[in-house]
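> Fold the following, please.
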Amino acid sequence: MLIGINKLSIKTDFNKAQALFTLHFFLFFLAKGYEFFKYQFNFIALFGIIFFIFFYRLYYRTQRNLKYSFWSLTALSFFIIIFHILRSLYHYNDFSIFFLYTMSFFILGVLCFSLYSPVFFPIINWWEYDFRYRNDLKASVYLDDDKKADARIVDLRRRAGGLSMFEEVEIGQRIDIEIESSGLDGRLQVEVLSKRQYSIGRPYTYGVRFVITDDVVKRKYNDLEKYWNFERKAKKNKKFKS
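Below is the predicted model of the structure:
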């Protein structure tokens with residue numbers, strides 16, 4: 001479950017995502033209302049509008065609570081909107097409806113891009129029980145007063161990452177991480193922006209953003225990203241060859 005995203009900077013990004021969702025919802029139902037009153041003024045179409053109201057209520061809850069089912073409902077939403085776009089062109093031949101559905105489609109795409117980050121949705125290979133093939137990296141985390149804790153980087157995208165460990169850290173805290181690899185030297189500083197715990201007994205999963213202050217730190221992050229991609233491909237090849 002999601003524990004918190006109380007950091008102001010990430011709350012601002014999250015609020016923007018909610019605003020995008022609201023705009024997408026408005027455009028979609030504006031198109032549905034126009035379509036209903038002009039072409040489909042009947043009980044079946046009215047039932048369809050009621051269905052979509054309940055669907056988007058559920059959809060909004062998954063987005064607001066950052067549930068992973070958000071992505072399943074997003075895929076379904078894309079198919080639904082594509083169907084409506086094609087119908088507006090080939091059945092109604094109405095540019096107004098086509099424009100509204102197309103705008104809602106693109107806004108939904110922008111929403112997905114803004115949320116596709118380890119800060120909001122870290123990708124964790126829970127289904128891979130063999131740790132030899134799990135897509136993560138062993139790391140050491142240095143907390144206040146050089147207190148050291150074991151951790152794993154479970155996701156790395158867009159200068160952000162998912163950090164899994166049993167040690168509890170406050171949101172907004174900055175910590176240093178060091179990857180257990182002979183090819184990577186030095187520590188990198190990250191800022192904790194979100195925190196999840198999926199169930200009791202499992203580690204916390206922190207959404208972190210790397211603090212890039214100069215070219216040296218940027219080079220270290222780029223080396224880490226290259227190493228991450230190399231390890232991911234190597235583990236995948238090793239799994240299917242074994």
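
> on contacts alone, who are the packing partners of the top helix by length along the chain?
Under DSSP state H, the helix in the chain containing the largest number of residues is helix 8-38. Secondary-structure packing of helix 8-38 (3 or more Cβ pairs under 8 Å, 6 or more residues apart in numbering; DSSP states H and E): helix 43-64, helix 69-90, helix 95-115, strand 188-196. Where you see a C-beta, it was placed from the backbone N, CA and C, and this is true even at glycine.

> Residue 49 versus the closest residue to residue 82 other than its chain neighbours, what's the distance?
Nearest residue to residue 82 in three dimensions, chain neighbours excluded: residue 105, at 7.3 Å (Cβ to Cβ, 6 or more residues apart in numbering). Relative to residue 49, residue 105 is positioned 19 Å away (Cβ to Cβ, to the nearest Å).

> Can you mark which positions in stretch 85-104 are buried?
Using 16 or more other Cβ atoms under 10 Å as the burial criterion, the residues of stretch 85-104 that qualify are 85, 87-88, 92, 94, 97-98, 100-104.

> which intervals of the chain have sub-threshold pLDDT?
Residue ranges of the chain with pLDDT under 70: 1-11, 126-133, 145, 182-183, 238-242.

> Compare residue 105 and residue 49 (neighbour count), which wins?
The neighbour comparison of residue 105 against residue 49 (other Cβ atoms under 10 Å) goes to residue 105, with 19 against 14.

> could you list every residue that touches the more buried one?
Listed by Cβ atoms under 8 Å, 6 or more residues apart in numbering, the contact set of residue 105 reads 78, 81-82, 85.

> Of those residues, just say which sits nearest to residue 140.
For the contacts of residue 105, the residue nearest residue 140 by Cβ to Cβ is residue 78; the value is 40.9 Å.

> and that closest one, what does it touch?
Contacts of residue 78 by Cβ under 8 Å, 6+ apart are 105, 108.

> mind giving me the domain split of the protein?
Split into domains by automatic domain parsing, the chain comes to 2-115, 137-241.

> ok so, going back, how far is the longest helix of the chain from where the chain is centred?
Its chain's C-alpha centre and that of helix 8-38 lie 18 Å apart, by Cα atoms, centre = their mean, to the nearest Å.

> likewise stretch 99-117?
Centroid separation for stretch 99-117 versus its chain: 14 Å, with Cα atoms, centre = their mean.

> cool, stretch 22-39 as well?
Its chain's C-alpha centre and that of stretch 22-39 lie 27 Å apart, by Cα atoms, centre = their mean.

> now do stretch 63-70
Its chain's C-alpha centre and that of stretch 63-70 lie 9 Å apart, by Cα atoms, centre = their mean.

> my read: residue 137 touches residue 230, true?
No. Using Cβ atoms under 8 Å, residue 137 makes no contact with residue 230, being 10.8 Å away.

> who has more neighbours, the two?
More crowded of residue 137 and residue 230, by other Cβ under 10 Å: residue 137, with 21 against 11.

> now the more buried one: how far from residue 185?
With distances taken as Cβ to Cβ, residue 137 is found 15 Å from residue 185.

> Kindly report the same for residue 118.
The gap separating residue 118 from residue 185 is 23 Å, by Cβ to Cβ.

> Compare these two (neighbour count), which wins?
residue 118 (26 against 10).

> Contacts only, for that one.
By Cβ under 8 Å, 6+ apart, the contact set of residue 118 is 155-158, 160-162, 207-208.

> got a winner among those for most neighbours?
Most neighbours among those, by other Cβ under 10 Å: residue 208, with 30 neighbours.

> dump the residue contacts of the residue lying closest to that one once chain neighbours are set aside.
Distances taken as Cβ to Cβ, 6+ apart put residue 190 closest to residue 208, at 3.9 Å, once the chain neighbours are dropped. Contacts for residue 190 (Cβ under 8 Å, 6+ apart) come out as 161, 163, 174-177, 208-211.

> If anything else comes up later, I'll come back, but that's it for now.
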